[in-house]
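**Student:** need coordinates for the following:
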Amino acid sequence: MSSPYSDLARIQQTARARGFTLIEMLIVMVIISILAAVAIPSYSGFATRGRLTDATGTLASFRLRMEQSYQDNGNFGAASCAVAIAASPNFNFACVLTNGGQGFTATATGVGATAGYQYSIDEAGQRQTLAFPGVGASACWVIRAGSCS
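**Tutor:** All right, here's what the predicted structure looks like:
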């Protein structure tokens with residue numbers, strides 16, 4: 001005959017060896033899936049906004065350097081823009097002279113993760129968003145849908 005203590009020890013040992021049930025594992029996987037469905041798009045939006053400031057910051061800095069060049073030379077360049085634009089892994093930059101070197105328009109066109117975004121600035125400081133997915137064009141720099149900077 002077995003003692004009640006040995007039966008209790010056997011039951012406790014069996015309970016410890018079971019681990020997680022299939023239902024418990026499925027519930028955990030559903031919770032993780034819901035969290036990932038919310039977190040991944042949110043993170044992606046933050047990362048994209050961080051890349052967009054690369055374009056706007058570079059264009060603003062470029063305009064200041066072009067203004068300095070204009071003060072020194074009386075024009076923004078002869079055959080091409082007098083100042084080079086710093087390279088970026090997220091944007092291609094271009095500068096076009098207007099009005100015989102008395103004006104310019106600089107543009108930043110997104111590549112890779114920022115494809116579809118395009119910004120510009122001119123000698124008067126006029127900032128424009130030429131392309132922003134889901135928003136389109138705007139007479140300001142759009143970094144987040146619905147807001148200008």
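**Student:** the residue most central in space within the chain and Ile85, how far apart?
**Tutor:** Note on the chain: the residue nearest the mean C-alpha position is Thr48, at 1.1 Å, using C-alpha atoms, centre = their mean. Separation of Thr48 from Ile85 (C-beta to C-beta, to the nearest Å) stands at 21 Å. No exception for glycine: its C-beta is placed from N, CA and C like everyone else's.
**Student:** quick one on the thing from earlier: could you give the mean pLDDT of the stretch of helix or strand the residue nearest to the centre of the chain belongs to?
**Tutor:** Here Thr48 sits within helix 22-73, counting by DSSP states H and E. What helix 22-73 shows for mean pLDDT is 90.
**Student:** quick one: list the elements packing against that helix.
**Tutor:** With contacts defined as 3 or more C-beta pairs under 8 Å, 6 or more residues apart in numbering; DSSP states H and E, helix 22-73 has these neighbours: strand 91-98, strand 103-110, strand 118-122, strand 142-144.
**Student:** would you tell me which of those strands gets closest to Met25?
**Tutor:** If you check each of the helices and strands packed on helix 22-73 against Met25 by C-beta to C-beta, strand 142-144 wins as the nearest, at 38.7 Å.
**Student:** the closest one packs against which elements?
**Tutor:** Under the contact criterion of 3+ C-beta pairs under 8 Å, 6+ apart, strand 142-144 touches helix 22-73.
**Student:** at 6 Å instead, please
**Tutor:** On a contact count with 3 or more C-beta pairs under 6 Å, 6 or more residues apart in numbering; DSSP states H and E, strand 142-144 meets no helix or strand.
**Student:** pLDDT of it, averaged?
**Tutor:** The predicted model assigns strand 142-144 a mean pLDDT of 85.
**Student:** re earlier: any chance of the helices and strands packed on helix 22-73 in TSV, plus mean neighbour count and distance to Ala55?
**Tutor:** Listed next are the helices and strands packed on helix 22-73 as TSV, based on neighbours: other C-beta atoms under 10 Å; distance: least, C-beta to C-beta, whole Å:
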stretch	mean neighbour count	distance to Ala55
strand 91-98	17	5
strand 103-110	21	4
strand 118-122	21	5
strand 142-144	18	9
